[in-house]
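Undergrad: need coordinates for the following:
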Amino acid sequence: MIKDQHLNGGNHKSDEANNGNKIEFPVTYVLKLVMAHDENNVRQKNQISALLNKENVVHNFKEERPSTKGKYVSYSIMVTLIDELQLKRMYEALKLIPGLKLAI
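TA: Sure, this is the predicted structure:
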């Protein structure tokens with residue numbers, strides 16, 4: 001899986017992902033990010049947090065988990081989005097984070 005296939009941004013298929021139901025905003029959900037492992041996870045979290053702050057996304061890191069072989073690290077982040085434009089902008093901005101492999 002490569003990041004461009006999973007960072008939906010402008011191609012977000014909310015109806016399909018939500019069983020044909022529209023997403024009602026504001027919405028709070030767990031954003032899952034998978035990144036290449038970095039010796040400095042604090043730096044990765046700071047990059048993610050800075051990006052979410054820039055997009056005015058209320059967020060709270062819930063979990064950080066390394067992969068079995070230590071090649072990747074996943075973050076679970078509780079986010080609250082106010083509208084679809086903010087959702088799209090967030091996913092577009094996430095594409096710019098170095099080492100990001102997946103965002104769902």
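Undergrad: ok, how many other residues are close to residue 83?
TA: By the measure other Cβ atoms under 10 Å, the count of residues near residue 83 is 12. From N, CA and C alone the C-beta is placed, and that goes for glycine too.
Undergrad: find the nearest non-adjacent residue to it, please.
TA: Nearest in space to residue 83, with sequence neighbours left out and distances taken as Cβ to Cβ, 6 or more residues apart in numbering, is residue 25 at 4.9 Å.
Undergrad: if I look at the one you found, how far off is residue 98?
TA: Shown here: residue 25 relative to residue 98, a distance of 30 Å by Cβ to Cβ, to the nearest Å.
Undergrad: before we move on, the earlier item: what sits against the residue nearest to residue 83?
TA: Contacts for residue 25 (Cβ atoms under 8 Å, 6 or more residues apart in numbering) come out as 81-84.
Undergrad: which of those residues fall in helices?
TA: Counting by DSSP state H, the part of the contacts of residue 25 found in helices is residue 84.
Undergrad: just the buried members of the contacts of residue 25?
TA: Among the contacts of residue 25, those buried by neighbour count (16 or more other Cβ atoms under 10 Å) are residue 81.
Undergrad: nearest to residue 31 among the contacts of residue 25?
TA: When the contacts of residue 25 are ranked by distance to residue 31 (Cβ to Cβ), residue 81 comes first, at 9.4 Å.
Undergrad: distance of the residue nearest to residue 83 from residue 36?
TA: Summarising the geometry, the distance separating residue 25 from residue 36, computed by Cβ to Cβ, is 32 Å.
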